Structures are given as C-alpha cells and as structure tokens.
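> how does the following fold in three dimensions:
(one chain, ligands or ions: 2)
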Amino acid sequence: MPTPAIQVENLSKNYGPVLAVNDISFQVQPGELVGFLGPNGAGKSTTMRILTTYLPASSGYAYVSGYDVMYQSMQVRERIGYLPESVPLYPEMRVSEYLGYRARLKSVPRAGRVARLDDLMTRCRIKEVKNRLLGTLSKGYRQRVGLADAMLSEPPVLILDEPTSGLDPIQIQQTLETIKALGGRQTVLLSTHILSEVEKICERVIIINKGQVKFDDTLASISRREPVLQVEVRGPTGEVEQFLRAQPEVATVAAGAAVDGVTAFDVKTKNRQDLREALTARLTGKGWGVRRLDLKRASLEDQYTQVVLRQDMVAEPVPAAEPEPAPEPTAPPAA
Ligand SMILES: Nc1ncnc2c1ncn2[C@@H]1O[C@H](COP(=O)(O)OP(=O)(O)O)[C@@H](O)[C@H]1O
Ligand SMILES: [Mg+2]
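Ligands and ions are numbered 1, 2, ... in the order given. So this is what the prediction gives:
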C-alpha cells in the first residue's frame, strides 16, 4: 500500500461552541480525484483549511503525503496546491505578473518558467486577461487565476475549495475539464455543494454533513448497488405487503402510507433480478391494480438526498442561533 496522499484521522474542529468538523476520518490515495460533497456549512472548507495547514485542528490527525499538517507544515505546503474558497489576490497586480510572482515564491525553476506560465494560462483559460489588473476581474476569472496558482508548481496534491463557484455554466464545464485532466497524475480533493459536478468528473465521493462523513464510496460501486422497484398498488396495504414479501425473488419491502386506496412500496430484489413484468402479472392476478412500477437504479442523488435531506427531516430540537462566523483570513497563502 503506498502512502496515502491525504489521510485524516478522527479530526475535529470547533469554533468556540460551533463543532464544525466532528471526528472525521478518510483517506485519498495518490492519483485519485475525489469529490468532497456537502451542503453549505457541512465543514468542507474547515477540513480543507486544516489539510492545507492554515487552520489548526482541535483534535485528531491529518497527513499529506505522510507529513503531519501540524508538525511538518512546511513539507505539507511544498506538496500541495490550494485554491481557497475566496481567492486572495493582490488587486493592483496584473494576472501574468501575479502568476510570475507566485512562481518565484514557489521556486518554480527559472528555465521554462515563461512557457509553463503560458501553458497554465491556456489550460485555465485566462490568457485573454493576462494583462488585466486582478482587481478588475470577475469572480469567474479570479477563481481561475486561483486555480492556475494552485497548479503552478505541479504539486502532487491539489485541494480545491469550490473551484467552480461564481462561474457560468460554460466556465463550469471548462474548469471541470481542466481539473479532470489533472486526475491520475495528481491527487485532487475538490469540494462542492453541487452534485452534478462531482458526478461529471470524480471517481469517488465523500459526502459530509454537519461535520461528519456520511458516505464514502466510488461512483462505480453506487451504480452496482441493488436497484429499487417502486410499485404503487391499489389494494389492502397489509395484504399486498405480505404478498410482496412472500415472493421468492424479493429481498425487502418497505411500504409507504396509503393514499386513496393506493400504497407505494419500495421493493428490493435478490441478485439484481428485474421483476417488473412478473410482479405486474402476479399483482393483477390477485385482483389488485398496479398504478405504477418503476425500476430505480441507485444514484448519487439518492445517497445525497438520504444523507442530507432525510436527516434534516428527523425531528431535532431547534438549535440556538449560531454565532456569526468570523471573517475569512485575508492574507494570501504563502508558497
Ligand atoms: N471562522 C469561523 N468561526 C465560527 N464558525 C465558523 C467559522 N468558519 C466556519 N464556521 C462554521 O463552521 C461550520 C462549517 O463551516 P465550513 O467549514 O465553512 O462549511 P462548508 O465549507 O462545508 O460550507 C458552519 O456552521 C460555519 O458557520
Ligand atoms: Mg466552504
């Protein structure tokens, strides 16, 4: 087993009374492109700031390429490219000037530096603004200058905090392609609260909510999960449920509430059997009406909904108003 590119163990962070990250653990292997998904306030940025050494953890451990973020922060910084949530830029500098300055700061070798910057600006699609002052750029361009900065020294690990926020749909597509092209060679952890972005480019997704990892799996394995047969039957709920359970191919049955004599059931079969036609025939044979029958494949969206929405629906005592978050640090990250 190679040293993980990112290793997080029982990491927690509280801001005063707010527990932003609550005992999370995960690993990212070299070359993986992992989506770090969760709603606003889930703890994504906090985790990323700890990983990039800009914020100390309250407890637990985090390592980048085997180096401890707390005690070996210089080694960690040498190995990561970080795109923070709000990109700190010097407003009075021009784009190419800024990247040149960052390249010197990050000790990008002088030989080939100009060509490297040129290539980066092309890949990040900021060439057309290379002579513009940073202070005059739109959010979308600032974000992409930040991405170019993160990629500058070809670090083995890239931590990208909402790299597509503020971009229009075309720019989002282009930026995702740029990031996807990094996968395999570099390790990328990319946060977003937008599901479809993760589905487009990531192989694996970690979903966090309320500071905890709720889901960690590859997209391929989600699609291999047992599909759910959604059936709506007109008939006596209990009897229909019993009948469904009694079918030899059926693994589990979950009944919803009956509305106007029709009940919705979620049926899972054994060994991915497609029971649609057989079940329709058997149910109508019993004299019950089949109003709907759908085979629903497992999707990331279902997982996300389960993790994020269903949990919110569980009745919880209304928490006291959260304190205002402190302002973001404004200093640009050092090399
Ligand atoms: N500097 C801060 N001071 C106090 N609370 C904070 C601070 N930064 C974040 N929080 C709180 O921590 C939680 C997680 O925030 P954050 O890591 O920014 O989530 P995400 O990036 O997933 O939106 C939220 O409840 C947020 O309000
Ligand atoms: Mg954030």
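> which strand or helix spans the closest residue to Ala298 other than its chain neighbours?
For Ala298, ignoring the flanking residues on the chain, the nearest one in space by CB to CB, 6 or more residues apart in numbering is Arg225 at 3.8 Å. The way it works is simple: take the backbone N, C-alpha and C, and place the C-beta from them, glycine included. Assessed by DSSP states H and E, Arg225 sits outside every helix and strand.
> ok, Arg225 to ligand 1 distance?
Distance of Arg225 to ligand 1, given as CB to the nearest ligand atom, to the nearest Å: 26 Å.
> and if you look at Leu89?
20 Å.
> and that residue, that's in a helix?
No - judged by DSSP: H, G, I helix; E, B strand; the rest coil, Leu89 forms no part of a helix; its state is coil.
> now do the contacts for it.
Contacts were defined as CB atoms under 8 Å, 6 or more residues apart in numbering; by that measure Leu89 touches 98, 134-135, 137, 142, 145-146, 332.
> narrow the residues you listed to those that are buried.
98, 134, 137, 142, 145-146 (16 or more other CB atoms under 10 Å).
> out of the contacts of Leu89, what pair is the most spread apart?
The span of these, defined through CB to CB, is set by Leu137 and Pro332 at 15.1 Å.
> correct me if wrong: Arg245 contacts Ala254.
No - in this structure, Arg245 is not within contact of Ala254 by CB atoms under 8 Å, at 10.6 Å.
> what's the closest of the contacts of Leu89 to ligand 1?
Gly146 (15.8 Å; CB to the nearest ligand atom).
> from Cys202, how far off is that closest one?
Using CB to CB, to the nearest Å, Gly146 is found at 20 Å from Cys202.
> do the same with Leu229
To Cys202, Leu229 is 28 Å away according to CB to CB.
> of those two, who's got more company?
Neighbour comparison, Leu229 and Cys202: the larger count goes to Cys202, with 26 against 22 (by other CB atoms under 10 Å).
> which residues does the nearest residue to the more buried one once chain neighbours are set aside contact?
Closest residue in space to Cys202, ignoring its immediate chain neighbours: Gly35 at 3.8 Å, by CB to CB, 6+ apart. When contacts are counted by CB under 8 Å, 6+ apart, Gly35 touches 190-192, 197-198, 201-202, 204-206.
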